[in-house]
Every structure is written in C-alpha cells, then in structure tokens.
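> kindly return the folded structure for what I paste below:
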Amino acid sequence: MQARMHFMEELARLDHDILAMGSKVEENLRKALEALKTHDAELAREARAGDEIVNALQLKVEDQAAILIATQQPVARDLRELVSILKVTDNLERAGDHAVHLAKAAIKLAEERGFRQFDRIEAMVETCCAMIRGAVDAWIAHDPDEARRVAALDETIDREHKALVHEVLDFIKMHPDLSDRATRILSNSGYLERFGDHMTNICEATVWMVEGAHVEL
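Residues are numbered from 1 along each chain as shown. This is a model prediction of the structure:
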C-alpha cells in the first residue's frame, strides 16, 4: 500500500511538471505573436530564452518517468501512463520549438514595415493555445472524450493555414518585389500548423493511455 501511495505521489509530481511545461510553451507562443505584431525584438528574445525552461522540464520529467519504470515495474495502465508521459513531453518540446521559430521570425521582421498578415496568424495562435491547454488538461484528467474534442480543433488551424497559403500566393503574384517577406509569413503559418499536429499527438497519447487503443485523431 505504501509503495502504491509513493507511486501515485510521483505521478502527481510529474503531472505538475507537465502542466508547467505546457504553460511555458503557451507563454512563449503568445510572446512570439506579440513580438511579431509589435516589432518587439526584445520580447521575441524573451520567448526564445523561455524555451530553455521547457527543455529543462522535459529532461526532468523523462528522467523521473524512466526511474519509475525501472524501480516500480508497472504494468497495464500504469505502464501506459508512464510511456505516454514520454510522448507528451516530446510533443510539448517540439511544439515549443515552433514557438521559438515564430520568435526568430519576429526578430528578423522587427525592422521591416512591409507586408505583414496577422489576422490568420493570430487566429491560428489562439487555437494553438486552446489546444495546448485542452490537450494537457485532458491528459492530466485521463479524459479521452475531451482529448478527442481538443484534437478536432486542429481542423481549424489547418483551414486557416490553407487559406493563408492561397492569400499569400495571390499577394506574391501582385507584388513580386515583396515575395521574400511574404514567404516568411508562410513559414510562420507552417510552424503553427505543425504545432497543432503535436497537440493532436498528445490527445492520441491520452486515448491510448486510458483505453489502450491506438487511434488517429
């Protein structure tokens, strides 16, 4: 009984760190967007620096999960939970990298006042933030139904990305002299599209952890 209590306490600590990891990724993403909108290179650098915290939390969580697997020899759902932790942290770290890419773009564009398309980028970021909160909450709550609902939000990001691609390509045809800056907007949109994919992966890991079934959401 005492061993079981210790195991559950350790899982609770891991949940806390995963929540902190997700919150930091969201914070960095929001800073990167604001930096892009306001030409604030310093804020963009803050977003980049914040990724170090995300990486440190990933290593902390994965090391502790590995220790629990080795020392507790979990089976069935307990084992799936620990394995899924590795999937969750990996996808959070990769999503954090895309926030960094957006921040880097903000630094490069800080001095430029040419073509900048924000409406769709901002809408994509808002959906990404909703997905990261929802995906992490669903994982911590062991709620596969919520995970499925959150994963469905990725369709919104995909639609915005496709629409932005068409808009930017049309713009380039009309303003070929601004093609370099316009294509940077496409890159930013691509980062956010992949961000949503990583949140979907976390939702799939939640379903697998609870139901033991591999699903493609």
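> after the longest helix seen in the chain, heading C-terminal, what element do we hit next?
Ranked by number of residues, the top helix in the chain under DSSP state H is helix 2-38. Downstream of helix 2-38, the first helix or strand assigned by DSSP states H and E is helix 41-72.
> now for the helix or strand following that following helix, which elements pack on it?
Counting by DSSP H and E, the next helix or strand C-terminal to helix 41-72 is helix 76-109. For helix 76-109, the elements it packs on are helix 2-38, helix 41-72, helix 119-141, helix 179-211, judged by 3 or more C-beta pairs under 8 Å, 6 or more residues apart in numbering; DSSP states H and E. Backbone N, C-alpha and C define where each C-beta goes, glycine included.
> need the contact list for the spatially closest residue to V100 that is not a sequence neighbour.
For V100, ignoring the flanking residues on the chain, the nearest one in space by C-beta to C-beta, 6 or more residues apart in numbering is D51 at 4.9 Å. If a contact means C-beta atoms under 8 Å, 6 or more residues apart in numbering, then D51 has N28, G96, D97, A99, V100 as its contacts.
> try 7 Å this time
Counting by C-beta atoms under 7 Å, 6 or more residues apart in numbering, D51 touches N28, G96, V100.
> by neighbours, which of those wins?
G96 (29 neighbours; other C-beta atoms under 10 Å).
> and the pLDDT at the residue positioned nearest the centre of the chain?
Centroid-nearest residue in the chain: A95, 3.5 Å away (criterion: C-alpha atoms, centre = their mean). According to the prediction, A95 has pLDDT 97.
> and it, what is it in contact with?
A95 sits next to V25, I132, F195, H198, M199 when contact means C-beta under 7 Å, 6+ apart.
> most neighbours among these, please name it.
Neighbour counts for these (other C-beta under 10 Å) peak at V25, which has 32 neighbours.
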